[in-house]
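A.B. asks: Sequence and predicted structure, then a few things I'm wondering about:
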Amino acid sequence: MRLSQFFLPTLKEDPKEAQIVSHRLMLRAGMIQQSSAGIYSWLPLGHRVLKNIENIVREEQNRAGALEILMPTLQPADLWRESGRYDDYGKEMLRITDRHDRDMLYGPTNEEQVTDIFRSHVKSYKNLPLNLYHIQWKFRDEVRPRFGIMRGREFLMKDAYSFDLDYEGAKIAYNNMFVAYLKTFARLGVKAIPLRADTGPIGGDLSHEFIVLADTGESEVFYHKDLLGLETPTQAEYSPEQLQSIVDEWTGYYAAADDMHDAEACDVAESDLITRRGIEVGHIFHFGDKYSKPLGASVAGPDGKEAVVSMGSYGIGVSRLVGGIIEASHDENGIIWPASVAPFDVGLINLKSGDEACDTACTEFYGKLTNAGVDVLYDDTSGRAGEKFAKMDLIGLPWQATIGPRGVKSGVVEVKNRASGEKQELSLDDALKLLV
Ligand SMILES: Nc1ncnc2c1ncn2[C@@H]1O[C@H](COS(=O)(=O)NC(=O)[C@@H](N)CS)[C@@H](O)[C@H]1O
């Protein structure tokens, strides 16, 4: 992509309304544009990152055996009246009346909706276990939306829902999602630790939240230092016993958010207990028949008797993760994207646009990288060198390749790794080998 043909409305100054670094950098890097409180448009650079995160989440859900569907954002209030949540949900719910005066709502979550789909079609235990998920916009009328997309009102969530014949089956489904989350966050380039969590408006009796450690996180978390040393599971498949042992290993260490931490009961030695702030990027719940019972979602069991199915739900904050990853990965010059989610792989800087030799060398190098499948943002604009370097550091692409008049003469490209800051002068061929 040539920068002269892209839409990248970067800002020179820190916007005054931004209180945390990810909000500041997302605005300065031209990734989002606020529409109203807690509601944003995603501009090209931000949209690319959002889609990269979404696709990694999707791949890991698919690998875990979940089936992707897409449920509507607008839901009938009657479904929520059946579960009893229509009144319980409170002011966070955006209630809407359509032209026929039917009560509707903009979904904050989809437990009722997915249970309605299930009960309409699944009648036998032979069709279990089943896990349906979608990646869909949610609306929660947060009383104080803040920190940009971190606590938005309209936000993108992956929410999965599992259906099993009994608790044993539901526990396997829960453990399967727990392990899929460990893999997902590792692929996103963040260290997410699971904590026992409160179940809140979703409900149930078993829940973990996954926290990305970041100094500006809203939650205060307390955990055993050895938790950070655990290896992320890598196998494609695990038996139920293996899943349970992985979950036991990761939940065997003390870890609790402030709302669950009990300093008295915590038996971790002072020297082993770490206190940090973190951002909740995922939250999983087992809640049994909380929705299936009132909505009559049951199947004929092996004994022929009707059994109300046992459910769980599993959320990941896809749009929140754009900010969460920045909070965990930035420096004083800007964002440092993990390669897996970066909007482009390489930023190519032409130090002297308009100079024929430079333009030719850059165009050739750009073409070779692009043909090799590398996603390049080529700064072909006529800005000053200092501005070009600052912009590339701000938007945080993993690699920068710079070609200037001196380099063209000696046939070298300066390649810089954004995360380490390390620079190398390489021949065009060696630079290609490094970047492809
Ligand atoms: N206001 C918000 N802005 C951005 N992301 C949010 C917001 N509220 C929740 N999230 C993200 O969405 C994830 C799941 O939300 S949740 O309420 O915990 N869980 C559910 O809604 C369940 N239905 C899981 S399927 C959270 O872990 C968080 O990462």
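C.D. replies: Yes, it's here. Everything numeric in this text was worked out from a predicted model, so none of it was measured.
A.B. asks: near the ligand at all, stretch 60-78?
C.D. replies: No - using CB under 6 Å from any ligand atom, stretch 60-78 never reaches the ligand; the gap is at least 11.4 Å. The way it works is simple: take the backbone N, C-alpha and C, and place the C-beta from them, glycine included.
A.B. asks: Report the mean confidence score over that stretch.
C.D. replies: Stretch 60-78 carries an average pLDDT of 98.
A.B. asks: Ok, stretch 242-259 next?
C.D. replies: 93.
A.B. asks: Then stretch 6-24?
C.D. replies: 94.
A.B. asks: Just the pLDDT for Ser219.
C.D. replies: 86.
A.B. asks: my bad, Gly200
C.D. replies: 76.
A.B. asks: just Ile284 next, same as before
C.D. replies: 97.
A.B. asks: swap in Arg196?
C.D. replies: 81.
A.B. asks: Confirm for me that it is in contact with Tyr253.
C.D. replies: No - Arg196 is beyond contact range of Tyr253, at 11.2 Å (criterion: CB atoms under 8 Å).
A.B. asks: Compare neighbour counts for these two and give me the winner.
C.D. replies: Tyr253 (18 against 15; other CB atoms under 10 Å).
A.B. asks: Contact partners for the more buried one?
C.D. replies: Contact analysis of Tyr253 by CB atoms under 8 Å, 6 or more residues apart in numbering lists 223-224, 226-227.
A.B. asks: same thing with Ala255?
C.D. replies: 193-196, 221-224, 227.
A.B. asks: Could I have the buried ones of the residues you listed as ChimeraX selection syntax?
C.D. replies: Buried members of the contacts of Ala255, defined by 16 or more other CB atoms under 10 Å, are picked up in ChimeraX with:
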select :193,194,195,221,222,223,224,227
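A.B. asks: Closest one of the contacts of Ala255 to Asp379?
C.D. replies: Ile193 (38.0 Å; CB to CB).
A.B. asks: Pull the residues that contact the helix or strand encompassing that closest one.
C.D. replies: For Ile193, the enclosing helix or strand under DSSP states H and E is strand 192-196. Here strand 192-196 makes contact (CB under 8 Å, 6+ apart) with 178, 181-182, 185, 207-213, 221, 223, 227-228, 250-251, 255-257, 260, 278, 281-282.
A.B. asks: Output those of those also counted as contacts of the ligand.
C.D. replies: Answer for those near the ligand (CB under 6 Å from any ligand atom): 281-282.
A.B. asks: Of the contacts of strand 192-196, which belong to helices?
C.D. replies: 178, 181-182, 185, 250-251 (DSSP state H).
A.B. asks: Of these, which is the nearest to Ala160?
C.D. replies: Tyr181 (10.2 Å).
A.B. asks: which ones are touching the closest one?
C.D. replies: 192, 194, 210, 282, 284, 314, 316.
A.B. asks: Can you tell me the closest non-neighbouring residue to the second one?
C.D. replies: Nearest-residue entry for Pro194: His208, 4.5 Å, with adjacent residues in sequence omitted and distances by CB to CB, 6 or more residues apart in numbering.
A.B. asks: any idea how far Arg196 is from the one you found?
C.D. replies: Distance of His208 to Arg196, computed by CB to CB, to the nearest Å: 6 Å.
A.B. asks: Just the buried subset of the contacts of Tyr181, please.
C.D. replies: The buried subset of the contacts of Tyr181 (16+ other CB under 10 Å) comprises 192, 194, 210, 282, 284, 314, 316.
A.B. asks: list the contacts for the nearest residue to His283 once chain neighbours are set aside?
C.D. replies: Once flanking residues are discounted, His283 sits nearest to Glu209: 4.5 Å by CB to CB, 6+ apart. Taking CB under 8 Å, 6+ apart, we find Glu209 in contact with 194-195, 197, 257, 280, 282-284.
A.B. asks: if we go to 6 Å?
C.D. replies: By CB atoms under 6 Å, 6 or more residues apart in numbering, the residues touching Glu209 are 195, 197, 280, 283.
A.B. asks: How many residues are close by the last one?
C.D. replies: Meaning His283. So His283, with other CB under 10 Å, has 24 neighbours.
A.B. asks: right, and it touches Ser313 too?
C.D. replies: No - using CB atoms under 6 Å, His283 is not in contact with Ser313, being 8.8 Å away.
A.B. asks: Which two of the ones in helices among the contacts of strand 192-196 have the greatest separation?
C.D. replies: Phe185 and Thr251 (15.6 Å).
A.B. asks: near the ligand, which residues of the stretch 1-150 of the chain?
C.D. replies: 109, 140, 142.
A.B. asks: now the stretch 301-436 of the chain
C.D. replies: By CB under 6 Å from any ligand atom, the residues of the stretch 301-436 of the chain that approach the ligand are 313-315, 317, 319-320.
A.B. asks: All set, thanks.
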